[in-house]
Each structure stands twice: as C-alpha cells, then as structure tokens.
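1. would you be able to build a 3D model of this:
(chains A, B, C and D)
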Amino acid sequence: LEEALIFEIGDSHTTGVDFDPAPKVQSRLGGLERNREIGLPGLSEPETVRHYTRLSRQNYAIDLGLFPLGSCTMKHNPRLNEKVARMKGFIDVHPLQPQETVQGALQVINELAHWLIDLTGMHGVAMSPKAGAHGELCGILAIKAALDARGEDRPVILVPESAHGTNPATAAFAGFSVENIPATPEGRVDVAALKARLGPDVAGVMITNPNTCGLFERDLKVISDAVHAAGGYVYCDGANFNAIVGRVRPGDLGVDAMHINLHKTFSTPHGGGGPGSGPVVLSEALAPYGPIPFVAKLPDGSFKLVEEEDATAMQPETFGRMTAFHGQMGMFTRALSYIMSHGADGLRQVAEDAVLNANYVLRSLEGTLEAPFGASGPCMHEALFTDNGLAEGFSTLDVAKGLIDEGYHPMTVYFPLVVHGAMLVEPTETESKAALDQFIGALRSVANRAKQGDPSLKSAPHHAPRRRLDETLAARKPMLVWKEADLSVAAE
Amino acid sequence: LEEALIFEIGDSHTTGVDFDPAPKVQSRLGGLERNREIGLPGLSEPETVRHYTRLSRQNYAIDLGLFPLGSCTMKHNPRLNEKVARMKGFIDVHPLQPQETVQGALQVINELAHWLIDLTGMHGVAMSPKAGAHGELCGILAIKAALDARGEDRPVILVPESAHGTNPATAAFAGFSVENIPATPEGRVDVAALKARLGPDVAGVMITNPNTCGLFERDLKVISDAVHAAGGYVYCDGANFNAIVGRVRPGDLGVDAMHINLHKTFSTPHGGGGPGSGPVVLSEALAPYGPIPFVAKLPDGSFKLVEEEDATAMQPETFGRMTAFHGQMGMFTRALSYIMSHGADGLRQVAEDAVLNANYVLRSLEGTLEAPFGASGPCMHEALFTDNGLAEGFSTLDVAKGLIDEGYHPMTVYFPLVVHGAMLVEPTETESKAALDQFIGALRSVANRAKQGDPSLKSAPHHAPRRRLDETLAARKPMLVWKEADLSVAAE
Amino acid sequence: MRYLPLTNNDRQAMLATIGAASIDDLFIDVPEEARLKGPIPGLPMHASEMAVERHFSAMARKNMAAAHHPFFLGAGAYKHHVPASVDHLIQRGEFLTAYTPYQPEIAQGTLQMLFEFQTQVARLFGCDVANASMYDGSTACWEAIGMAGRVTKRSKAVISSGLHPHYVSVAKTMARFTGDTLDLAALDMAQSDTARLLNAIDGETSCVVVQYPDILGRIEDLSAIAQKAHEHGALLIAVVTEPVALGAIKSPGEMGADIVVGEGQSLGVGLQFGGPYVGLFACKEKFVRQMPGRLCGQTVDAEGKRGFVLTLSTREQHIRREKATSNICTNSGLCALAFSIHMSLLGERGLRDLAALNHARAVQAAERLAQIPGVTLVNDSFFNEFTLKLPVNARDVVHKLAAKKVLGGVSLGRLYPGEAALQNGLLVAVTEVVSEEDIETFAEALQEVLA
Amino acid sequence: MRYLPLTNNDRQAMLATIGAASIDDLFIDVPEEARLKGPIPGLPMHASEMAVERHFSAMARKNMAAAHHPFFLGAGAYKHHVPASVDHLIQRGEFLTAYTPYQPEIAQGTLQMLFEFQTQVARLFGCDVANASMYDGSTACWEAIGMAGRVTKRSKAVISSGLHPHYVSVAKTMARFTGDTLDLAALDMAQSDTARLLNAIDGETSCVVVQYPDILGRIEDLSAIAQKAHEHGALLIAVVTEPVALGAIKSPGEMGADIVVGEGQSLGVGLQFGGPYVGLFACKEKFVRQMPGRLCGQTVDAEGKRGFVLTLSTREQHIRREKATSNICTNSGLCALAFSIHMSLLGERGLRDLAALNHARAVQAAERLAQIPGVTLVNDSFFNEFTLKLPVNARDVVHKLAAKKVLGGVSLGRLYPGEAALQNGLLVAVTEVVSEEDIETFAEALQEVLA
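-> Next comes the predicted model:
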C-alpha cells in the first residue's frame, strides 16, 4: 500500500510527453531566460498511470460506499454528467471567443439559470460564483450594495450559532461585524432573540435552512417578515437545498439571497475538494445589484454575455465582477444534465427520498445514540446524534475512526457546535435501503463498543491505509513541500 | 472487501435506465410474446457504479503494478489509444455502412496492415482474425488451402513440445494430426530431429520464436529452408514478437505465416481476458489463400472492402470468411496509435528494452533460482526458472502465491512444460529499473523462503481478497450460474 | 518515447549487471544476415501524442458516424443507446488492464463479473448454463455446430436459410476443413424455411441451426423443429443476433433449443465497425463438458469464503492441447463486462421497456415506410427489424440515401450479392435511438429516391 | 428515476419504521402555505439519458470548438494539448467522487497528491511554500492582496496596468467593500508601467501587483520593483496567468516576489469556457500562517509511517469563523490533480521542451503576422503571446475572422471597451497546438480582412 512521492520516483531527465522539435528562431524572451533548474521530476506514462492509480486506491469515495458526511451531501455523481461536460463544444471553447461562436454554451448557462430561479421561486440568479462560500460572498455583497444604494450603514449581520463557518467568515470579509443568535432547545433559531436584536444597525441575517441540526426552520417566513420590516435582508445558506427541492421554494419564505451548491444538491462531483460552483438566486430587491458577467436572452432569441461595457445599460447597479470569467461552465453542464434527467417530478422525489433516508437513520439509531433533537419532529436531510452515553474516555472521534474499520467513511463530527460531540449523518437519496441497513448496523455496532468502552476502538482505525495521524506534529512543524533528504538534513 | 452478487443486490422491478414511453402500436411479434419472467435483476445507477467499482478493486492489473506473466506480455496500455478508439467516427460506424461513408475507417485498417507487413517483412496480411488462436487457425487454414491447391494431402503438422497449447489445438481443429518435436538440452528446437521427421506427409511446422523458454530459435532460417525443401510451410507463433520487433523480420527467416497479438506486442488492453486481435502476416506463397474480407487500396486512392462478391476477381483462391465482419476495428485503432507513437525507431527500442529488462531479471535472480537455460546465451523477452532447489514439499505454486503477498501478480507457472515447475518471468519494456529492482527483491525473498521451507508460504496468499481457492471442488460440482438459495436447496 | 521508462543511465547499469557490452550482445542469437542495423527504412519515426491524435481525428472525420444521422442499419449489429456509466466502468484500470484470471485470489473482480454474466446470458437465452464469452456471434455459431458434432458424433448440420449469410460463410469455411456437411438452401423472402428444415432432419443430422428472429427479421416458433430434432437425436441450435428481442419474445430455450448462441454487441458494446463484439454461448447443463471457451465457477477459499475460479479447464487447449474442445484462448472479456453492466442497469424491467420501445418504433417505421408507393413490407412478424421490397435495386437506393445523409438500412444485395431474387430487398432496423423525426426523414428521402 | 435506488416497497417499509403515515408527514415543519402540492408547474418532467444527451449534443454543436479551427486566443486562458492519461486518471472514482480529505486515514490519495502539487507549484514559482489551490487566478490575486494587507497591516495596493483587466475588476469589486485602496493606471501599448510602479511605492503601500508576462505578453525583470517594495516594507505580488512560460523564463520568486499567484488552467485543465480553473498560490515561508486556503502537510501515523494531513487549519473559516484568513472552503481539488498529473508527465524536461516549442511557434507567428501591411508588433519581448497593432478596430476584425472560421485572438477592445487608444490592439496567443499551416491560414485571413 505504500506509494513513493513523484520526487522519489521521477527525475528531471524523464518525461511522459513527446513534442515535435521546436523550430529554430531568435529568442524574444527579454533576456530573462531561465538559467536555474526548477526541480520538477518527470515520469514516463506507465509510471504516471501507476502512481496515480495506486494513490487513488488510498481514498474512500462515494463510488466505493456510503459517505454519510452530514452537511456535505455526498450523493451519487451520474456518469452521464461527466460525458456531457466533456463534449468538445463545451470543454474546448475559450471564455473570450466571439459570442456568436459560443451560443450553445451561453444557452446552457441560461437554461440552468432559469431552472434555478424556478426551483427556488426567486427573481434572478448570479451564475459566476465559484463555490458555496464565494456564493455567500456574492449574496452578502449584494446586500451591502443594496444598503449602499439606500444610503444606509448597517454594520451588523446576525448569524445563528449553528451556522457553517463560512457564514461568519464571509460576513466579516465584507466588513460586517457578526453577532450570534442562539438556538432554542429544540434545535432551531430562537425567533424571539432574533427579533429582539433587529434594528437599524442590522443589515440582515444569514440563516441555514434546513439548518445544520437537520431541522427545517419552520419560522423562516416569520423571521423574514421581521427582518424585512426592520429594513434588513435575509441570506439563506442553501447548502441543504437537497432536502427541500421541489417541496418548498425559498422565495416563498421571504429569502433575499441563497447560494446553491451545484456539487451538493445537483450532483456535480466533489473531486476531493472541489471545484464547486455556487450560483446565487436573488430576490427582486437584490437582483439589480448582482454581479457581472451574466447571460441575457435577447429578443431575437440569441444569447448575450453582459460584461462591463453593457452593464451601464443592462445592470447599472451591479456590484461588479467576482471572478475573471463567467463561472464554472464545467459544473453548469453537469448540473443541468442532472436537473433535466430528474425533471420537476424527479427532483421532488429527490427531496422526499433524502428526507426519508435521513429519518430512517434517525429512528433506527436513536435507541443506540442520543438524538438531541429527536423530539423536535422529523429531521430533514440529516440525522444528528451526540456523544452522550459513550463510556468514560470515549469520544465521537473514536466512533468515527471505528467506522473506518467497518468500511465506511465517518459521518461529520463535532459539527454543529451547538451540541456536544456532534455526529451528523446525511445519507442522501442515492442510497438504497439495503445500504442504509448495513450502515446502521455498522454504526450501531461501533457505538455499542464505545458505550462498553472497548479499548481497541481508541486506536482505530486498524484496517485503513494509515493509522491515526499526528495532526499536532503537522501543525507544529509544518512540512508543506517535499525536500531532498540530504538538503533537509543540511537545513536543520 | 466482500461484494454481493447482482442477484443479491438488485430485483426485477429496479432499473438504472429510463426510457421514453413506447408509442402505442399493434404488436407484430408473431404470437411469441414473452410470458415468463427472465430473472434479470436491475440495479439503479448508483448501485451499479458501486458494485463494479468495488469488484474492480479485487483485481490486480498492470495499472497497479508489474505483471510478470511470461508469454502473456502484460505491458502498459497507453491512454491515448483508448481516446483514439472512442472517436465517434470509429466507434459509431456500422460494419455494413456504404463504403463511401467509412473511408477513414478503411484507411486505418489499410495503414495498420502496411505497418504489420513492413515490420515483419512479409507479403500480405489477414486482418480479420479475432485473437491469437483465431490467427493461428487462419495461418493453418491458409497452409491447408495451399496444399489443397497443390493437390497434396499432407496430414501432419510438427509442433515443438514447448509450444503454446493453442498450436496443437489449432492444428487438430483443422484436421491435422500433431506430432511433437523435442527440444535440445539448451532449450531450442532439436533441428536434427525435426529434419529427420520431414517428408511428404508433413504439411509444415508451427514454431514459436522467440520460443516459450524465452530463447531465440537461432536455427529458424535453417529449419525454414529444410521445411520448404520438403514441400511444407512454416507457421510462426508470433505471441512473442514484442522481443524482436524492429530488430529482425520473420519474413527474412523464411516464415510463411505468423499471427501478431495486437494485445501483446502492440499494447491493446487485455481486459481481463480479451478482446484480442490476431492479424496474420503471410508469405507470397500463402497470401493468395488468405481470408476475406480485406481492405484494398484502389488506384484512385479510395479504399475498398473486398467481400465475397469481389473475391473472384481480387482473391480467387481465398479459403473464405472467418468471422462475420472485418475484424477487431477497436483494436486496430489502438494498435496503430501505439505504432505511430513509437515509430520505426521507438519500436526497435521497445524490443531492446524488453530484452534488456528480461536479461536483467535473469541475471539478477539466477543465483537464487535455477535458470535451466541460463547458459544458452541471452534470453529474449522472458526469463525462465525452475523449482529445482526449493525445500522438500515446496513448489512453484507456493512461490507464486507468496509473490501475491508481496503485492505482485505471479509469473507464469508450470509453462513451458519442458522444464520442471517452470516460472516464466516477462517484465516487458514498460517497467522502470526501479520497478524491476523491487520485483527482483520480492521474488528473491519469496524464493529464499521456499528454499528454507518457511511453512507460512504453504498457505499463502494471506493478504489477498481471497485465500487459496478450491479449484477441485469447482470442477467436481460445477456451479456455473447463480441460483436462488432456496431453489438450490430444493434441488439437492 | 513517453511509454519507455528506462533512461540511458539505467540501460548502462543494467548491461553492466548482465555482463554485456551493448544491447547488440543480447541479440547475438539472431543470424547475422537477418539483423536489422537500424530502424526499418521507409517507416515514420516516433510521433507526439498530439500528432497521432490529429491523424486519427482526420481519419475519424471521414466516416459518417451513426449518431449524427438518421440510422437504420442492423443485420447482425445494432445501434442502441449505451449508458455513460458502462464505458466509465470498463475503463477502470483494474478491469481494462488485467489479464485472464489465472490467479483467482487476485482476480475476483473479473471472475465474479463473469459468473454474473454467465447467469445473465443463461437466463436470457432460457438455458441452464453459459460460458464466459466467445469472439462474436458468428464464431460462436460455428463452435456450436462443432459441439453438436461432438455430442451427437454426427457431422451433418442442417442450416436454416434465415441464418445470417456471414454466419453461413464462416460455417462453410470451417466445414471445408473439418469435413462436416452443411445442408443449405437459398433465402426466400416469400416464406420461411421451416418446412424444409423439418424435412431435412434425419438420423445423420447432428444439429439444426435456426436464427431467431431470422435474417429478415421474421419470428417463428421453434418448438416443432426442436421436437423433430430431438426425435432424431439431433440438437437444435438457436442463433440470436439481437439479444434485446428476448425482452419481448420467448427465449429459444423455452422452445426447446439445446444450444443457444448469439451476438451480444447490442448491449454495452456499440457498433465499432464490426468488432470487437462478444459471442454468447449457452446450452443445457448435460452438455457442459463439451462446451468451448472459458467457464467461471463458484467455489470456496481456504477460509470457506465464497469465491470464483476458472473451471472445467480440462476441456481447454492449454491443458488438453490437440484434444481440446476448441482452440479458443483469449475471449471477449471486456465486452462481456460491458454487456453485463448494461444488463445490470437495465434489469428485467429495463430490458422489457427497451424491447417494447424498439418494437413500437419498428412498427411505426414499417407502417410509415410501407405507405410509400411501390414499397411493400415483407414481414408478417418482426421485432425491431424488417424487410422491405422496393421497386428497384435496393443497393443503389442505399447509396443514394447515404448521399442524402440517411443511413437507410442494409440491402439484401450487399448480403446476397449473387441472388437476383433478393436484389430489391432492404433490411431496416429501428431501435430506440430512432426518433419519429428520423422515420419521417427516412421516408421522405426514400420516396424522393424512388420517385 | 435511474439515480434513485428506493423502491416503493422500500419506502413503505421505511415509513413504517419511522412511524410516519406518509412522506408528507416528514415535511410537516414546512408552513402549510409554502408546501408545494406537486411538481412545480411549467417545468419538464424527468428525461431519459438519451434525451438529455441529445439536448447537450445539439447545444455543443452550436459552439465553435477550438480544436477544429486555427486558434489564437489567450488573455488568461490557454489551449494546450493535455495528454489523454490526465483525464483518464482524474476520472478514477476514488479521486472524482471523494470529499475534502477530512479523514486523512482514508484520504491519503488526495492528500499525497496535494502535497506533491504544493511542491510543484512552489518550485515552479520559485517560492518556499504553496497552498492546495484556489478557485482561479483572479480570486487568488485578490486573496494575495488581502494577505499582503494582513502581513503589512496597510491597505494600499499598487496595481500594474499590465495586470489582466478582469483581475483588476475583481480587485476593484472587493476593495469597494473592504475599503482597501487600489493605485491604478491605464494600460499603455507603447511602454510598460514599471516607472510608475517604482514611483508609487511608499510607506503606505501594502503591496505591488505585477503580472508576468503582462497582459500584452511583455516580459520584464521584477527585481527592481521587489527591491523598492522591500525597502518600503511592502510586498511584491507576481501574477502568472501562463505557467508554461516559467519553463522558459526566470521564476518571480527568483526575482524577489513575496507572493506569487497564478492561473493553472494551462496544465491539465483545458479551456472549458472559463471554468472550473485552478488558482495557484505560493509565498515565502515566513508568511505561511497568513495564507488563505487549504494546506496539506506531512506527518506520521501512530506506527510512525509517513502520512499527510490538512494542516494549519486554525487559519480557516471552519475553525476561526469570522477571524479566518479567508472564507474559502471548497477549492479546486480535481483541477489541482489534473495540473499535477500533467506536470508529472512533463517533468523538468517536458516543461522546458513545451515552453521552447511555444516560444518558437509564437516567434514564427509574430514574424509572419507583422509582415502584413499595416500590422505592427507591439512587443519587444514575449513568451507565447504578443500584441499586434492593426490599422483598424480589432474587435471588428475578430468577428470577421470568426466568420472565416479562424479564432484569431482577443481584441483589446473586448478587454478594455472604454479605452480608445487600445481599440486597434489584438492579443495573439500561439501555443504548441498551433501548426505552421494554422499560422499561414490566420495570416492570409487577416490580410483579407484588412484589405
């Protein structure tokens, strides 16, 4: 199972790529020819294929088994999407090609935009944000721009304490100060506390619905009305849209902006950490401030990419550009392929099956693990448990690492922060009942071992490519790049 | 690591494929509508992807490591070949399309044919054989047809005892009786014995060069001359052409027919047991008898597929058709891609590196394992060892299974039959020196354990998806299809 | 030389270990006069990946790809929509670059897949057992004839005139060398061959070979033929070139066939200009030891766990050499995998839906095309392929249609070049990839060509 | 519903376990008036894989794909030939469908790859360390400006007029909200911005941002700027939009840059109409704790084996929330993998060969195009991209070239719509995919358009 690093396999003389010889010309490099070795090892193609194939086998993945990471929505990634995204007409077009040569690409963006608007019941959509957190930034900047246009300085954003870390980070980045709103004992936002905090200094709230405890914020409409009445805006973190698509439209609940993680709800692959894609749907109030560029359909049926020069005419109040080009085209094709495959009926079924699967996990395990909000009604897309009841000295981490030995990726641990030793299980709709039953059995078995204090659990995993890794050492003496052994000795 | 069977996962109501509803029509099925369940389980796409991904991980493959199967030539399969073979213009054309609509495909076949002729120094080539053994059949049928045309009945084919099993099986299939020719102590065909057996009843010889002991049959030209003088033909098994491509042309050694395994020498993937592709190059004497269809280049530069109707004019003495269509197009594209990538210079390098790697293995290990023909000169593409010197009760099989625990696929075992407990190692040219050194170390270590009688070796493998499997049981009570558990109990 | 990992330094070091002064020393056993001194003259040198890719792109563009045009060709190779996951999965390196599973402990992936494939094929064909695949349908057909000869120890095969002419050609080629006798007849558009077949069966007959549906797309009950064959100690071999049909019609096994062979290309494999395809081979359990090709069987390992191995290899050439049941070695493993994955995705329900859609589209097409003046439908019954009789030579029509960018079927003249009575026949296949617009485009083009 | 494994029987059984009468009971927390009673009206229902594929094929065919035409666009996105093995490997399910490696014991594949990627990027840029990737070059550029602010505790960034205008736009958008000051100037084809930059650096300056090569393709030594910046306690940020250039010219790190960011799209990723791409981010080791984004670090496991983990996450949003160095969470992992595989295939030698070939082709093209009457070459120096000054508005020329099926570069008018002095400028990129025939085709087409 050991695989050396490319620096240990390759050398600077080997290459896995052949080129035609360069024609002889007079160099025009401005006298800055490179004269120092870069230090890049080369591998022949056989070595390359073997290196990365072997490396890949040290990963867990949704293709290998259930991946119950709560809040991360690891669902099946259809292979049709991969095929569609690789069509030459999409993968081999340049972002600055004359627009008459990319009408099909622009139409795809426009079609996806309309699906997103219709599914959320919103007014507009910004397609260019590159990932969920970038989408949050888009929404918050739209709020700031709207406030600026109104000439109001509202420095505070309210964020529930169960929010994703990106929420406060985003608000802070945009210059807001962040104030936390507590949760009720049943796991939802404390509406009274929130209402009490509203006022002329509050720009708005960032709220996740379904929330990170897996519950539907049943008072969201009430909250929205109160925030709007107080002159603020409602940002909804749409990471969990998976659970409600086709059953509820956030627009009907008074939301002003919400990002949609195409790599969560709409099945584009996570790829070991991206790329994501985070389009942001916007209410009528915020849509005028959305970013450029965007795709507009012209009366003649053609599609136009609206950039800086046309913004004055077509989006005069835009807050500007967020990224060099027009967004994650490669994710748009995949997401649209998924959406069209399901259709309006299938997407509704997606939400139903996601919620059904999560409730099945919740109810099957609540006798084994403490479900802190088990009495708060049905959960949505994910089931939350705590470490309450584990034997002395045993933690959520031990349960997680124990699950690895059972052949599973662990659930999300220690998030949300509102309960102790959280274990957040999100099965998604693409798991079969048989797969859930197997997983439930495995988690029950590990949990029982943790409750009984089985010492072997403390040193789990035993059957993974690595035993527990020393994260403290990594942070204390960061080694972020490879160095030749003798050189690094000399450097110490 | 356990993965259930599709019959245990799926059911007859589930499907992973959606269809548009069928239009209503009057059935025209001749009253033979199916009214019994077939018994085919369906899986959703997520279950399908996971099932086959998991299954795949129970396989060893060239992408994972060195695969030293002597006589099987497991070399790297370039990914460019896979890409090229999947171009719509090749993968999505029907074999019976009008020929003016498939000129590019016919040109590819023609180009590959010319490469094969030039690389072997022969006169013609039959492209349609589907695999090596099918190619052998092609060559033997051409010999039979040539003899028939001469009005001669020569019922005997001579085959060296070290031949691949397909050689005698093929000769027998074509109605010949097979007689074995012994090998000399140095591992080559006994020329004197062969010459002595020649006569008017001998149709020809089937000889493998380089032979299955990994040696070059240095007297092949002498043999050919003798066979020709006696009125026979020389069939060469080209499975090991890898070792000599670009260094020797079989045509220069008097060969009349030779199949070329595109999945060996020319890198098309083995796919867990095919598809192969076995074009057969033919001498001037045999070419007129080769099969239809074939591709001809016409004076106007266009390409023509010569089938039955044109055979009378263009190949009047053909022995006929061997398969429904024109051969393994998907393998032709891959092989031509490989050939063009290497070019005449690269292919020569291929043979050199293949032979270099094999000799490196031979000389590195001959102190550990007995190399029966180590004194017969350099080996070609593969190195042969025996079980002589292992501890009492330890066999070649134990060494093979021990190698599995070291992370390698074993070498070919118990073949060729001319030595006791054969171990035949073919590294191929796509292994690096570092990879060879590692393998040599592993094999040396296992061999030493077998020489010292390490009992743990007898029960190896210990670290594979399965321990040793009961092959006797499988043959004694064949279970070739899955049956529902209760049904199979009832049947007993 | 992007596929060759050895560096010149490596080569020198290795030569030193070997004790050779140069690479040439390793080729000393090659007779001096046959040694090539350098690259073979007149051939191109190595090329970059980009250059090779460009060459093939140019070649590929010269072909008219089925997906881009209304497409109606069948005659033993069918265009179906293959789900993207099939090609994705067969490209897993562990499947693509594995060898024949000679070491079962590290080949359970391929072996279990083959066991599943065998079961799918056996069930689809209505047989007890199936093997792990053959080269293609035509060679499987010949192997079945050979097997029937071994089982019955007779050498006369009665061949239906409805058998694909290329399959007949292959059988003729082989029979020429084995000395088997083939009882053949000319294809007749007006009537099926059943009466002749029933007549021809006698005590010398090893087997009757019938294609189902036949080359013209006709579907006939095989029960009477099976009964007659069995009465005379002969076997019924059924040949299925379109396995999708069996989602809609009875299996040959149900009707008494002893051996069922077929072409599996329709599922998972694709057109590929004729190959590689995958031969399907199934039979009754009692004949298993006479089967050709690889068989995968279930067993247990040393710890009692279920596992799979290649089995009954005493039938095969690598053990039995000249006494083997066939000389086949490499089969069509990766295509069998593609077939099996596609079949797993379909399942019972999907296959039946697919078959229903194929049949319905074919009926639509047949009705539409038969309305064209001068065109008549030959078939009483059909699944997704039928024969039209045109007022003119169909071969010319096919070329004219191609010029109009319609790939409008296979002329019987292409398949039976000598036979005047068949020259106006056009074989038309209609699968789920054909849209109603495609049918209309075809109909209009055909009408124009015939006008 | 091919992606949904639950059967109706499953659903009923599961509802029973849950104790709910129907699915609707699980949505009771949704306010009644917001509950959708059925599928959202006006939207299409589910579609077969074949139907979806057809739709996308039709859309794709409306676009003019780079591979099929002479192609000369650059300006921050470059067409290079990507070896087939790159796309094959990134499609391994274990890479494609894995999450961020939060559980390192079962994510060593992704983690080791990131460690290798970080090392490759750091070496290429001449820096000590690099992170595990950003969204793209433009956002990496802004993050670098923000980081310089944190390091220097100053808020004035001096931006070269040679920085890609979209990158400037992104910085402007962000600065509007953060209150940072950007010192900007108009692009001048006649001379570089170095003199102004040197002048503008003062004790308030957090950083100088210089693109290398710049937006017009010009290459200038950064050493003097680095020295001046350091003298004033400011950082030099270098922006590289074409990493292949660094196979031919000195790295920014060698010339004193403190932070080097870039767009990695050129290697492994492809054009993709603008995304996803991969942002590269490297810097000096002393600034590591102010970096944005994920970092992978080496450590050991409980048995002492080398292993890799995400590290220094106390900089990040999921730990530090509003005090994080950035709000970035998902990065561009799969694109980083593609970049790293391509770079591993190239190696030092391949990258240098590739760069040499790019430069040589660009020189050929520049010399040929500058021969056209009225056309002048703006650049003294360039790598694989240069600017031509045409006698007419270059935007019109680009459209006319496209009508002739030549994708002939990016007009400065498209990039700088307001600026009259730039309207005749045409930015031309020439990589290894451009053949000599392509150059000639372009030259002839341009000459015709200008005639």
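2. give me phi/psi at the nearest residue to residue A:44 once chain neighbours are set aside?
-> Spatial nearest neighbour of residue A:44, excluding adjacent residues (CB to CB, 6 or more residues apart in numbering or on different chains): residue C:5 at 4.1 Å. For glycine as for every other residue, the C-beta is placed from the backbone atoms N, C-alpha and C. The phi/psi pair for residue C:5 (degrees, to the nearest 10) reads phi -80, psi -20.
3. how near is residue C:5 to chain D?
-> Separation of residue C:5 from chain D (CB to the nearest CB, to the nearest Å): 12 Å.
4. any idea how far residue A:43 is from that residue?
-> Noted for residue C:5: a distance of 8 Å to residue A:43, by CB to CB, to the nearest Å.
5. which neighbours do those two have in common?
-> Jointly contacting residue C:5 and residue A:43 under the rule CB atoms under 8 Å, 6 or more residues apart in numbering or on different chains are residue A:14.
6. need the longest strand for chain A.
-> In chain A, assigned by DSSP state E, the strand with the most residues is strand A:202-208.
7. adjacent strands (with direction) for that strand?
-> With DSSP bridges as the test, strand A:202-208 is paired with strand A:156-160 (parallel), strand A:233-237 (parallel).
8. number of nearby residues for residue C:72?
-> Using other CB atoms under 10 Å in any protein chain shown, residue C:72 has 30 neighbouring residues.
9. now the helices for the stretch 1-150 of chain C?
-> Secondary structure of the stretch 1-150 of chain C, counting by DSSP state H, counting those that start in this stretch: helices at C:8-18, C:49-61, C:84-90, C:93-96, C:108-125, C:137-152.
10. would JSON lines of those with distance to chain D and mean neighbour count be doable?
-> Shown next, in JSON lines, are the helices of the stretch 1-150 of chain C (distance: least, CB to the nearest CB, whole Å; neighbours: other CB atoms under 10 Å in any protein chain shown):
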{"stretch": "helix C:8-18", "distance to chain D": "13", "mean neighbour count": "15"}
{"stretch": "helix C:49-61", "distance to chain D": "4", "mean neighbour count": "19"}
{"stretch": "helix C:84-90", "distance to chain D": "7", "mean neighbour count": "23"}
{"stretch": "helix C:93-96", "distance to chain D": "8", "mean neighbour count": "26"}
{"stretch": "helix C:108-125", "distance to chain D": "14", "mean neighbour count": "28"}
{"stretch": "helix C:137-152", "distance to chain D": "25", "mean neighbour count": "26"}
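11. related to what we said a few turns ago, kindly export the longest strand of chain A (C-alpha atoms) in PDB.
-> What follows is strand A:202-208 as a C-alpha-only set of coordinates in PDB (Å, rounded to 0.1, in the frame of the first residue of the first chain):
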ATOM      1  CA  VAL A 202     -28.700  45.200  11.400                       C
ATOM      2  CA  ALA A 203     -28.000  44.600   7.700                       C
ATOM      3  CA  GLY A 204     -29.600  41.200   7.800                       C
ATOM      4  CA  VAL A 205     -29.400  37.600   8.900                       C
ATOM      5  CA  MET A 206     -27.600  34.600   7.400                       C
ATOM      6  CA  ILE A 207     -29.700  31.600   8.100                       C
ATOM      7  CA  THR A 208     -29.300  28.000   7.000                       C
END
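12. nearest residue to the closest residue to chain D within the stretch 1-150 of chain A other than its sequence neighbours?
-> The nearest approach of the stretch 1-150 of chain A to chain D comes at residue A:42, 1.6 Å away (CB to the nearest CB). Excluding its sequence neighbours, the residue lying closest to residue A:42 (CB to CB, 6+ apart) is residue D:347, at 1.6 Å.
13. that neighbour and residue A:6: what is the separation?
-> Counting by CB to CB, the gap from residue D:347 to residue A:6 is 9 Å.
14. equivalent analysis for residue C:222, please.
-> From residue C:222 to residue A:6 the distance is 61 Å (CB to CB).
15. show me the contacts for the spatially closest residue to residue C:266 that is not a sequence neighbour.
-> Closest residue to residue C:266 apart from its sequence neighbours, by CB to CB, 6+ apart: residue C:78 at 4.6 Å. By CB under 8 Å, 6+ apart, the residues touching residue C:78 are C:242, C:244, C:265, C:266, C:384, C:429, C:431.
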